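Novice: generate a structure from the sequence data that follows.
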Amino acid sequence: MDSDVERRIATAVREVLEESDMNETTEYQVRKQASERLGMDLSQPKLKAVVRRVVQSFLEEQKAKEDQAANGAGKEEEEEGEEEEQEEEEEEAGKKSGGDAEYTEDGDLIICKLSEKRKVTMQEFRGKPLVSIREYFKKGGKEFPTSKGISLTEEQWSVLRKNMPAIEKAVKKMESNSM
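Specialist: Purely as a prediction, here's the structure:
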């Protein structure tokens, strides 16, 4: 992709983000408004991935600014300890995920690979974020999702997370019974 096009997209997306209420705006809405400003279709997978990276970068910057404002002066030692801790966590995460973020052919963020064929991804469908656990197949050197899998809304993901201890307990019980 042309770096000038990528730069124009990044500028338009940042402008939209700066003008938006971040508590109400979705990535889809940002992409749609940026598309209108640029007069180009940003729903193509490669362009969608560019928009997603700019949005994530913007959100990380905003969070850092909020954290800095909340911490205020006089907490330098505490901040240094927290920064070191965060750097260590990021380094560990980088080792686990292999460094830079990976995206599917459709521009969905790959959270992790469960196996050669199964992946956990973050995607957007009709303006709503979804966590997907899905099988993929290869065709012509590219990977495509199959219908085998599940996509969870934010609410469904939250329920699953809250029930994880009960699920782990049941799995341990099942494993101990099978021995």
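Novice: the helix-or-strand element of the chain with minimal mean pLDDT: what's the following helix or strand?
Specialist: When the helices and strands of the chain are scored by mean pLDDT, DSSP states H and E, helix 76-97 comes last with a mean of 51. Beyond helix 76-97 on the C-terminal side, the first helix or strand identified by DSSP states H and E is strand 102-103.
Novice: which strands and helices sit next to that next one?
Specialist: strand 109-113 (3 or more Cβ pairs under 8 Å, 6 or more residues apart in numbering; DSSP states H and E). C-betas here are computed from N, CA, C, even on glycine.
Novice: next, the buried residues of the strand it packs on.
Specialist: Neighbour-count burial for strand 109-113 flags Leu109, Ile110, Ile111 (criterion: 16 or more other Cβ atoms under 10 Å).
Novice: and of these, the nearest to Glu19?
Specialist: Leu109 (24.6 Å; Cβ to Cβ).
Novice: just to check, the closest one is in contact with Glu124?
Specialist: No - contact criterion Cβ atoms under 8 Å: Leu109 and Glu124 do not qualify, at 9.8 Å.
Novice: quick one: the helix or strand where Lys65 lies to strand 109-113, angle?
Specialist: Under the criterion of DSSP H and E, Lys65 resides in helix 45-71. Going by axes from the mean of the first three to the mean of the last three Cα atoms, to 10 degrees, helix 45-71 is angled at 90 degrees with respect to strand 109-113.
Novice: please point out which parts of helix 45-71 sit buried.
Specialist: Quick answer for helix 45-71 (16+ other Cβ under 10 Å): Leu47, Lys48, Ala49, Val50, Val51, Arg52, Arg53, Val54, Val55, Phe58.
Novice: so the third one makes contact with Tyr103?
Specialist: Yes - using Cβ under 8 Å, Ala49 makes contact with Tyr103 at a distance of 4.9 Å.
Novice: summarise which helices and strands the helix or strand harbouring Ile133 is packed against.
Specialist: Using DSSP H and E, Ile133 sits in strand 128-139. Packing contacts for strand 128-139, counted by 3+ Cβ pairs under 8 Å, 6+ apart, involve strand 118-125, strand 142-152, helix 154-162.
Novice: for it, give me every contacting residue.
Specialist: Applying Cβ atoms under 8 Å, 6 or more residues apart in numbering, the contact partners of strand 128-139 are 26-27, 104, 108, 111, 114, 117-124, 143-146, 148-154, 157.
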